[in-house]
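J.: Here is a sequence together with a model predicted from it:
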Amino acid sequence: MGVIYVDGDACPVKAEVERVATRHRHPVTIVANGGLRPSANPLVETVFVPDGPDEADKWIADRCGPGDVVVTGDIPLAARCVEAGALVLKPNGEALTARNVGQALATRDLMTDLRAADPFRQGGGKGFTKADRSRFLDALERQLRMSQIR
């Protein structure tokens with residue numbers, strides 16, 4: 001049985017991960033720079049990494065592998081985790097795999113370049129919705145059920 005790694009900084013589905021993982025008795029590691037209250041749940045480990053750019057990402061990428069699930073919206077981290085053999089779920093329930101993570105990374109880089117080229121460009125992506133949360137819960141539930149069959 002793998003571990004569910006959660007990129008905890010600004011993750012909107014930490015409570016949902018804990019709820020689904022508890023139902024399946026699946027271990028969870030939430031990784032963050034700080035500012036989180038550790039869970040009292042014995043299945044949930046909270047790891048605090050030093051302040052600094054991408055420290056949580058490095059910690060997760062160095063440890064994840066086949067059988068693990070990584071929950072993150074960070075596309076470069078997702079690419080590293082997919083390469084290591086982990087399944088990656090974005091908080092909206094979208095799975096990132098070897099088939100689509102390259103395109104997601106290219107789109108992210110393109111959008112970064114567009115924002116840099118136009119300093120007056122306002123706004124970002126769309127907001128996180130109840131439907132996104134529901135899709136995430138569905139995707140995580142399916143993945144944990146499949147991992148129990150193997």
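T.: Here it is on my side, so go on.
J.: how much space between the residue nearest to residue 77 when sequence neighbours are not counted and residue 144?
T.: Nearest residue to residue 77, sequence neighbours excluded (Cβ to Cβ, 6 or more residues apart in numbering): residue 57, at 4.2 Å. (Each C-beta comes from the backbone N, C-alpha and C, glycine too.) Distance of residue 57 to residue 144, given as Cβ to Cβ, to the nearest Å: 23 Å.
J.: can you pull the contacts of residue 11?
T.: Applying Cβ atoms under 8 Å, 6 or more residues apart in numbering, one finds that residue 11 lies in contact with 30, 71-73, 91.
J.: What helix or strand is the residue nearest to residue 77 located in?
T.: helix 55-63 (DSSP states H and E).
J.: Low-confidence ranges, the protein, go.
T.: Residues of the chain that meet the criterion pLDDT under 70 lie in 101-125, 148-150.
J.: Which parts of it are strands?
T.: Residue ranges of the strands in the chain, as given by DSSP state E, are 4-7, 28-32, 44-48, 69-71, 87-89, 95-96.
J.: Okay, buried residues for the lengthiest helix in the chain please.
T.: Ranked by residue count under DSSP state H, the longest helix found in the chain is helix 130-149. Judged by neighbour count using 16 or more other Cβ atoms under 10 Å, the buried positions of helix 130-149 are 132-133, 135-137, 139-140, 143-144, 147.
J.: Output the contacting helices and strands for it.
T.: On a contact count with 3 or more Cβ pairs under 8 Å, 6 or more residues apart in numbering; DSSP states H and E, helix 130-149 meets helix 14-24, strand 69-71, strand 87-89.
J.: What strands flank the second one, and is each parallel or antiparallel?
T.: What it means is strand 69-71. Strand 69-71 pairs in its sheet with strand 4-7 (parallel), strand 87-89 (parallel), by DSSP bridges.
J.: Which one, of the strands of the chain, ends up nearest to residue 21?
T.: Shortest distance between residue 21 and the strands of the chain, using Cβ to Cβ, is found for strand 28-32: 4.7 Å.
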